[in-house]
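In: compute the structure for the input listed below.
(chains A and B)
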There are 2 protein chains.
Amino acid sequence: MHDVIVIGGGLAGLTSAMACAQYGLNTIVISRRIGGSINETPIVETLPGIRPIFGPDLAKKLQEECKSAGVEFRESEISEIRSGFTLYNIADHANEKHKAKAIIIATGRSPQMLEIAGEEEFLGKGITTNPISDLETLQNNSVAVYGSGERAGLTALWLSSMCQKVHLICPKPRLHVTPLTNERIQKTLRIETHLNSAVKKISGSINLESVATEKAQMNVSGLVLCERGRPHLSFLKVNMQISDGIAVDSAMKTSAKGIFACGNVLSGEEVLAPETVMQAWQAAESAYKFVRGK
Amino acid sequence: MHDVIVIGGGLAGLTSAMACAQYGLNTIVISRRIGGSINETPIVETLPGIRPIFGPDLAKKLQEECKSAGVEFRESEISEIRSGFTLYNIADHANEKHKAKAIIIATGRSPQMLEIAGEEEFLGKGITTNPISDLETLQNNSVAVYGSGERAGLTALWLSSMCQKVHLICPKPRLHVTPLTNERIQKTLRIETHLNSAVKKISGSINLESVATEKAQMNVSGLVLCERGRPHLSFLKVNMQISDGIAVDSAMKTSAKGIFACGNVLSGEEVLAPETVMQAWQAAESAYKFVRGK
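Out: Sure, this is the predicted structure:
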């Protein structure tokens, strides 16, 4: 039995797990993929003392810090969280069962899929959610990035340094990025931004060759999906206030006793790195108080 | 002329200067002592990816990051900030004058002095605000730490590993530290906490030898002053809302146009590292919008 199970191994999950371990709590991280979306983040520039850092390197650093603080890890997907009387019972897809006094949910969000014909066919053949692992397909070519937020903006900027051209296809009337990212995008001639645009058609023979919106057709070898999707919370067999994401108070408490949440799984706007770190520490502090009955 | 002058070189100042440089703003940091109170912080454990880190090492890292981002530095004390029509004019004690479109104030707070007889006499001879530079006087002996907040708590914990005994003299009815620091202090037998206590008398021959509160007399070779003082803002010849610290809105704007502030110079509770980083980025973003007229 653990004091705390942290579900999710991205920046929010790893930071709060590390904080829990500091608090002397017996902590395990269960995550489908340790590192989470940090592994899909080319460069993190907003954390002082370690910037600029390649996302996968940051993921490794954070995991090492957790391990040296005594955090356990299990690479597995949660299938179910049920409430006992004072405990939570968690089952994962390997059919292991875990019990804990408190839970921190930090599962973030996967990118939204396009849900148009051909998407599945070209997944891994030009369409990707991870520009780092699929870099070979993308570099030296023309590519498209689909999304409206900071992740989309930073991905477009990163690709612009090694691609011929980057089409940033934004489904909203404007980009929802920091002023810094916006200025950089404006200054980067290789990025063409298509506002108010949805991907209507994708085509190719074996690999992706072109993408079309209502207004434009683009020859591209890659399409990176970066639009923020809804969080997957179907594993939660616990009553909890959810609207788009998980609702929490300022102490990162959900409406379910002993369950805390932080990062992009929360309802509301995209959470950037400095705020994620603050939330993660807050969630750990609240979990500590709950477990120790304070 | 600079776009932004950051006043103060601690965590808040260096992080916001780095962020300003990222924003493409021509930025200078003016600080009495680059590193500020980070230089007096034994260990920073709350910044992911670089923890635990010795304070002075963090200060060096942050300054290097700033320099490689193009930030200038001037080690000097500000004597005056006056408002022109759209500019701020700053004079420092070396009688240099600097002009900027925007200012970020991140001067933090110095520790509160005791204001009792003998304090000046023993300053540097046992009484110190910097446990790192005065470690030789402190280690292997019995020492006292005066303060009620996180800085006092962490200093007491650090000293407990190398001193015979640490008296933590807290002027308030309870310590105002994080639950983590509180738990660690409770578990550390070498730390004796004296609540509701003020230092009434200090004595010694050449060097400090003892400290007395109303209730106890302690033989100590050192007394580290860690209680949070008021910020020194007498250099501000600009109308601005101040109550204990500088008042800001959620965008870190002060009531004076073009002046922003972050970190412990703000009014309100002690600001810890993760929150400081968030505030510093916010202040830089606001300064950027102001300078670029957005």
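In: quick check: pLDDT value at residue A:243.
Out: Among the per-residue scores, residue A:243 holds a pLDDT of 89.
In: dump the lowest-mean-pLDDT helix or strand in chain A to PDB, restricted to CA.
Out: Lowest on mean pLDDT, DSSP states H and E among the helices and strands of chain A sits strand A:88-92, with a mean of 87. Coordinates of the C-alpha atoms in strand A:88-92 are reproduced here as PDB (Å, rounded to 0.1, in the frame of the first residue of the first chain):
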ATOM      1  CA  TYR A  88      -8.500   4.200  -3.200                       C
ATOM      2  CA  ASN A  89      -8.200   1.000  -5.200                       C
ATOM      3  CA  ILE A  90      -6.600   1.300  -8.600                       C
ATOM      4  CA  ALA A  91      -6.400  -1.400 -11.200                       C
ATOM      5  CA  ASP A  92      -4.200  -1.100 -14.300                       C
END
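In: need the nearest residue in space to residue A:55, chain neighbours excluded.
Out: When the adjacent residues along the chain are set aside, residue A:55 lies closest to residue A:41, with 3.5 Å between them (CB to CB, 6 or more residues apart in numbering or on different chains). For every residue, glycine as well, the C-beta is placed using N, CA and C.
In: cool, residue A:181 as well?
Out: Spatially, and ignoring its direct neighbours in sequence, residue A:181 is nearest to residue A:153 (4.1 Å; CB to CB, 6+ apart).
In: pretty sure the one you found is in a helix, no?
Out: Yes. Residue assignment for residue A:153, taken from DSSP: H, G, I helix; E, B strand; the rest coil, places it within a helix.
In: can you pull the contacts of it?
Out: Contacts for residue A:153 were tallied using CB atoms under 8 Å, 6 or more residues apart in numbering or on different chains; they are A:147, A:168, A:175, A:177, A:178, A:181, A:182, A:184, A:185.
In: would you mind measuring from it to chain B?
Out: In this view, residue A:153 and chain B are 14 Å apart by CB to the nearest CB, to the nearest Å.
In: and the longest helix along chain A, what does it pack onto?
Out: When every helix of chain A is counted residue by residue (DSSP state H), the longest turns out to be helix A:273-291. Where contact means 3 or more CB pairs under 8 Å, 6 or more residues apart in numbering or on different chains; DSSP states H and E, helix A:273-291 is packed against strand A:2-7, helix A:11-22, strand A:97-105, strand A:259-261, helix B:179-187, helix B:273-291.
In: in a markdown table: these, plus mean pLDDT.
Out: Compiled in a markdown table, the helices and strands packed on helix A:273-291 are given as follows (pLDDT from 0 to 100):
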| stretch | mean pLDDT |
| --- | --- |
| strand A:2-7 | 97 |
| helix A:11-22 | 97 |
| strand A:97-105 | 95 |
| strand A:259-261 | 97 |
| helix B:179-187 | 94 |
| helix B:273-291 | 96 |
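In: most tightly packed of these?
Out: Comparing the helices and strands packed on helix A:273-291 on average neighbours per residue, with mean count of other CB atoms under 10 Å in any protein chain shown, the densest one is helix A:11-22 at a mean of 31.
In: and that helix, how far from the chain's centre?
Out: Using CA atoms, centre = their mean, to the nearest Å, we find the averaged C-alpha position of helix A:11-22 to lie 16 Å away from the chain's own average C-alpha position.
In: cool, stretch A:20-40 as well?
Out: In terms of CA atoms, centre = their mean, the centre of stretch A:20-40 is found 13 Å from the chain centre.
In: check which residues of that stretch are buried.
Out: Residues of stretch A:20-40 classed as buried under the neighbour-count rule (16 or more other CB atoms under 10 Å in any protein chain shown) are A:20-32, A:34-40.
In: what's the neighbour count on residue A:42?
Out: Around residue A:42 sit 18 other residues, with neighbours defined as other CB atoms under 10 Å in any protein chain shown.
In: contacting residues for it?
Out: Contacts here follow CB under 8 Å, 6+ apart; on that basis residue A:42 touches A:54, A:55, A:131, A:132, A:154, A:155, A:158.
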